[in-house]
Structure formats: C-alpha cells, structure tokens
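S.K.: Structural data only, the sequence is not supplied:
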C-alpha cells in the first residue's frame, strides 16, 4: 500500500508539475513536432488539410497509369487510336487544377498573413545575432541582457548539470538557453554579424524559420502557449560547422522568468542553474516519493 501511494504521488508530480518537457526530434519521426504556438497549430492544420487533396490525387494518377499500362499496351491494343483532342477532358484537366489551387491558396494566404503580420505591442523583444557558429541573444526593454549560446560539449555536461540526454540531447543542447515567459508575445529581431554569412533561425515547434542576413534586420514573432524546452537549429548552409549551431528556447512561467531575468543580469550561470533547479523540481519529487516507498 505504501508503495502504491508513493507511485501515485510520483505520477501526480509528473502530470501537474511544470517539469522539463523537451520538444525535440525523435527516432523515425514522420510527422511535424507538436505545436507550441498558435502559428504552428495553423501549420499543422494546413499540412493535414493539404493531405486530403494530395493523397486522392496521387491515388487517382496511379490508377490512371495502371489503366494506361494495361489497356493500351502494344499486345492489347495493336492499332493505336489517332484521337488528338477531347473537349470534355481538356476542360476538366484545366478547371480541376485551378479549383484545387484555389482551395490551397485561401488558407495558405491566411497562414502567411498571420505569420508576417507583426504584433503592435509585443511583451518582449529579443535580438538574435548569428555568427560562425553560435548565437547571441540580446534582451531589449527594462532589463538589458546579452549572452552567447554555444552547443553544449560532452565534457561540460556535468558542470552544467545537463547530463540527462533525454532532456538535453547531444548536438542540440546548449550552454545558455534563450528564456522566455509562457503566453507572452515575443518579437524576434534576427540578423548575422556584418562580416559573417547567411544563417537561419528555425524553431520547428514554434513554426518559425527566418534568415539571418548580414547587414539586414529581419523580424518575426511567436507566442509559446505551453512551458518546456524546445530545440531548433540553423537552417541555412553556413559553413563546415553548420550542423553544430543549435537553438534552445526554454519557456517558463512569469514568476520564474522574472526571477531568472533579474538574476541573469549579474550572474547568468547562477541564474540558469537556479532556473533549472526550479523547473526540474518534478524529477526531485519523484525521487523523494521513491525514497519514501523504501
């Protein structure tokens, strides 16, 4: 009975604590990552919507090819028809694709409009500057904060407290994550160093992908609706270490974000460790429940 209560307590901690849930690629993944923003929700809907057209069209074309191969092969049709025009067929294969493209165009234009329309009063503005091969984040507004974000090296995992590769995966985890509050509109200013090359800021779970061009300031936005740790990468071929330029964004509650921002202004490493301890509290609760059962 004691073990059962301990197991229930552990399960409750996992379900209701803020936990360090991480969105990242999975083995044999065929679908898009789960949406963490309204824009990504629309992207996933549009993908499923287009499949209702793509799959029937593909099957229809395949069936036509099979019919042509079977009915009009040389042995079954030694004298080929000399028919060169069919008004009805030409009308169908002209009007049909136009209507299909129209069904694609309306929702896709709505999605593009939502992506490209910048919010008038964002809650937070962050500038991301790319260089070979790392990101620099600058928080603009009340508290000025800037730091670099490099891919986490294997030998630095223990010192950073990021030994759990299920949460901090190899080649995606970084030393300093970009931290934002949940449910807030974030305006992203994206560029690359003046003497660098073109990079791209991409976060799949947010539905964000925008080029970082030297000498140009591109702009995008997102609003993460659930807490967690999200991973992306530079999505522009930028040199020999292109594959080692990850992006990590940690979404936390308002109070955790405010505490982190205040502490990070003077001690970034300490603020990150304190935030990790607060977010990973669910794991400690599970361990405590296990100890009680013993």
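M.R.: Right, received. Where do you want to start? Note that this is a predicted model, so its numbers are computed, not measured. Numbers count the residues shown, from 1 in each chain.
S.K.: The stretch 1-150 of the chain: helices as residue ranges?
M.R.: Ranges of helices in the stretch 1-150 of the chain, per DSSP state H, counting those that start in this stretch, are 2-16, 38-71, 87-116.
S.K.: Oh, that last question was meant for the stretch 151-294 of the chain, not what I typed.
M.R.: Under DSSP H, counting those that start in this stretch, the stretch 151-294 of the chain gives helices at 157-160, 254-264, 268-279, 281-293.
S.K.: Report the contact partners of the most centrally placed residue in the chain.
M.R.: The centroid of the chain falls nearest to residue 204 when counting by Cα atoms, centre = their mean (1.8 Å). With contact set as Cβ atoms under 8 Å, 6 or more residues apart in numbering, residue 204 has these partners: 23, 32-33, 40, 232. Yep, even glycine has a C-beta here, placed from its N, CA and C like the rest.
S.K.: would you turn those into TSV with pLDDT, neighbour count and distance to residue 196?
M.R.: Shown next, in TSV, are those (pLDDT from 0 to 100; neighbours: other Cβ atoms under 10 Å; distance: Cβ to Cβ, whole Å):
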residue	pLDDT	neighbour count	distance to residue 196
23	79	21	28
32	87	14	30
33	87	20	28
40	94	22	28
232	94	22	19
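S.K.: Can you flag which of the residues you listed belong to strands?
M.R.: Judged by DSSP state E, the contacts of residue 204 include 23, 232 as members of strands.
S.K.: Distance to residue 65 for the contacts of residue 204 - can I get that in a markdown table?
M.R.: Shown next, in a markdown table, are these (distance: Cβ to Cβ, whole Å):
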| residue | distance to residue 65 |
| --- | --- |
| 23 | 40 |
| 32 | 30 |
| 33 | 35 |
| 40 | 36 |
| 232 | 40 |
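S.K.: For residue 68, state which of the contacts of residue 204 is nearest.
M.R.: The nearest member of those to residue 68, counting by Cβ to Cβ, is residue 32 at 35.3 Å.
S.K.: which ones are touching that closest one?
M.R.: 40, 43-44, 47, 204.
S.K.: before we move on, back to that, most widely separated two among the contacts of residue 204?
M.R.: The widest separation within the contacts of residue 204 (Cβ to Cβ) is 12.8 Å, between 32 and 232.
S.K.: Might one say that residue 71 is in contact with residue 65?
M.R.: No - assessed by Cβ atoms under 8 Å, residue 71 is found out of contact with residue 65, at 11.2 Å.
S.K.: Which one of the helices of the stretch 1-150 of the chain has the poorest average confidence?
M.R.: Among the helices of the stretch 1-150 of the chain, helix 2-16 has the lowest mean pLDDT, at a mean of 42.
S.K.: Which one, of the helices of the stretch 1-150 of the chain, ends up nearest to residue 28?
M.R.: helix 38-71 (18.2 Å).
S.K.: quick one on the thing from earlier: Serialize the helices of the stretch 1-150 of the chain to a markdown table and add fields for distance to residue 255.
M.R.: Shown next, in a markdown table, are these (distance: least, Cβ to Cβ, whole Å):
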| stretch | distance to residue 255 |
| --- | --- |
| helix 2-16 | 17 |
| helix 38-71 | 23 |
| helix 87-116 | 30 |
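S.K.: For residue 175, which of the ones you listed is the nearest?
M.R.: Judging the helices of the stretch 1-150 of the chain by Cβ to Cβ, what sits closest to residue 175 is helix 38-71, at 26.1 Å.
S.K.: And the strands in the stretch 151-294 of the chain?
M.R.: Ranges of strands in the stretch 151-294 of the chain, per DSSP state E, counting those that start in this stretch, are 178-181, 185-192, 199-203, 208-212, 218-223, 228-234, 246-252.
S.K.: Now do the same contact list for residue 161.
M.R.: So residue 161 contacts 273, 276 (Cβ under 8 Å, 6+ apart).
S.K.: Could you do residue 244 as well?
M.R.: With Cβ under 8 Å, 6+ apart, residue 244 has these contacts: 133, 151, 171.
S.K.: which of these has the most neighbours?
M.R.: Among the contacts of residue 244, residue 151 has the most neighbours (other Cβ atoms under 10 Å), with 21 neighbours.
S.K.: rewinding a little: by mean pLDDT, show me the worst of the helices of the stretch 151-294 of the chain.
M.R.: helix 281-293 (a mean of 42).
S.K.: before we move on, the earlier item: quick check: which of the strands of the stretch 151-294 of the chain is nearest to residue 113?
M.R.: strand 218-223 (13.0 Å).
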